[in-house]
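K.L.:
Okay, sequence plus prediction incoming.
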Amino acid sequence: MTKRVALVTGGSRGIGLGIAQSLAREGFDLVICGLRPAIAVNESLAQLRGAGAEALYTQADVGDAAARSRLLAAVREHYGRLDVLVNNAGRAPAARADILDATEASFDEVLRTNLRGPYFLTQIVAHWMIQQRKAQADFRGAIVNITSVSATFASTNRGDYCISKAGMAMATRLWAARLGEFHIPVYEVRPGVIRTAMTAGASEKYDKLFSEGMAIEARWGTPEDVGKAVAALARGDFAYSTGSVIPVDGGMTVERL
């Protein structure tokens, strides 16, 4: 049988690599994209191949329209199909700034990568998935957007990041509504505080918050925690739950008295 193929943007490290590893173990072949040159991701690709996946890496900036087109052309040429898109690539602002002082340049750069890029990558992929669905009755496509608890938690020193994640939350609902007639589910996975390079600089802060009860599970989340959730969605375990938000936050967003 032909293996299903998943594209994970930003999949060579952090949460993206955790997702890619879970999908590799699930039997998917993979396409990974990122900003780093191919030589810098060889170790990650070796891990994925060791898990049984064929892994193609394409250097691509999802915020750039021409790069998105080249990325999808590479997937078409190499695999000839795409079953799952995971919009994971994202960036934090280069410098956190109070929203009273934040710059338009930072706002534009963060939203370019975190919102505009995945929104229009989804548009291209959606057209291709619709074609595949029409040509193959048993085609099981799915789109998963990786957001953050920052979609609803206000951090006034990184408003651009929060707005980008809130925008992706709405994009999930929009694409779910639009693609429902084609039976292509769209989901949002919303991580809490995950131990990655992006959060390493705030380790002391979050260690303290966890010890004070910030989350029901008093520990950091891991990329593997997120990867397991994405794998279940990609596998089709929640086919009747399109448009849903899947929190992976250790109970951080559970309202408590």
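P.N.:
Okay, I see it.
K.L.:
Surely Gly27 is in contact with Gly52?
P.N.:
Yes - between Gly27 and Gly52 a contact is recorded at 7.2 Å, counting by Cβ atoms under 8 Å. No exception for glycine: its C-beta is placed from N, CA and C like everyone else's.
K.L.:
Could you tell me the phi and psi values at Gln59?
P.N.:
Backbone torsions of Gln59, given as degrees, to the nearest 10, read phi -70, psi 120.
K.L.:
residues in contact with Ala215?
P.N.:
Ala215 is in contact with Gly192, Val193, Asp249, Gly250, Gly251, Met252, counting by Cβ atoms under 8 Å, 6 or more residues apart in numbering.
K.L.:
Same question for Val254.
P.N.:
Ile216.
K.L.:
about what we covered before: among the contacts of Ala215, which one lies nearest to Ala97?
P.N.:
Nearest to Ala97 among those is Val193, at 21.0 Å by Cβ to Cβ.
K.L.:
Let me see the confidence value for that closest one.
P.N.:
With respect to pLDDT, Val193 scores 97.
K.L.:
and the closest residue to it other than its chain neighbours, what element?
P.N.:
Counting by Cβ to Cβ, 6 or more residues apart in numbering, Val193 lies nearest to Tyr206, which is 5.2 Å off, once chain neighbours are set aside. Here Tyr206, judged by DSSP states H and E, is contained in helix 203-211.
K.L.:
can I get the CA coordinates of that helix in PDB?
P.N.:
Presented in PDB, the C-alpha positions along helix 203-211 are these (Å, rounded to 0.1, in the frame of the first residue of the first chain):
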ATOM      1  CA  SER A 203      12.900  28.300  32.300                       C
ATOM      2  CA  GLU A 204      13.200  29.900  35.800                       C
ATOM      3  CA  LYS A 205      10.000  31.800  35.300                       C
ATOM      4  CA  TYR A 206       8.000  28.800  34.300                       C
ATOM      5  CA  ASP A 207       9.600  26.400  36.800                       C
ATOM      6  CA  LYS A 208       8.300  28.800  39.500                       C
ATOM      7  CA  LEU A 209       4.800  29.100  37.900                       C
ATOM      8  CA  PHE A 210       4.500  25.300  37.700                       C
ATOM      9  CA  SER A 211       5.500  25.000  41.300                       C
END
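K.L.:
Using neighbour counts, pick out the buried residues of the helix or strand that that helix is followed by.
P.N.:
Per DSSP H and E, the first helix or strand lying C-terminal to helix 203-211 is helix 223-235. For helix 223-235, burial by neighbour count (16 or more other Cβ atoms under 10 Å) applies to Pro223, Asp225, Val226, Gly227, Lys228, Ala229, Val230, Ala231, Ala232, Leu233, Ala234, Arg235.
K.L.:
which SS state does Cys33 fall under?
P.N.:
strand (DSSP: H, G, I helix; E, B strand; the rest coil).
K.L.:
Count the residues that sit near it.
P.N.:
28 (other Cβ atoms under 10 Å).
K.L.:
gap between it and Ala6?
P.N.:
12 Å (Cβ to Cβ, to the nearest Å).
K.L.:
Touching both of Gly27 and Gly52, which residues are there?
P.N.:
What both Gly27 and Gly52 touch, as defined by Cβ under 8 Å, 6+ apart, is an empty set.
K.L.:
Show me the shaky parts of the stretch 101-250 of the chain.
P.N.:
Along the stretch 101-250 of the chain, no part satisfies pLDDT under 70.
K.L.:
any idea where the helices of it begin and end?
P.N.:
With DSSP state H, counting those that start in this stretch applied, the stretch 101-250 of the chain shows helices at 104-111, 117-135, 159-179, 203-211, 223-235, listed in chain order.
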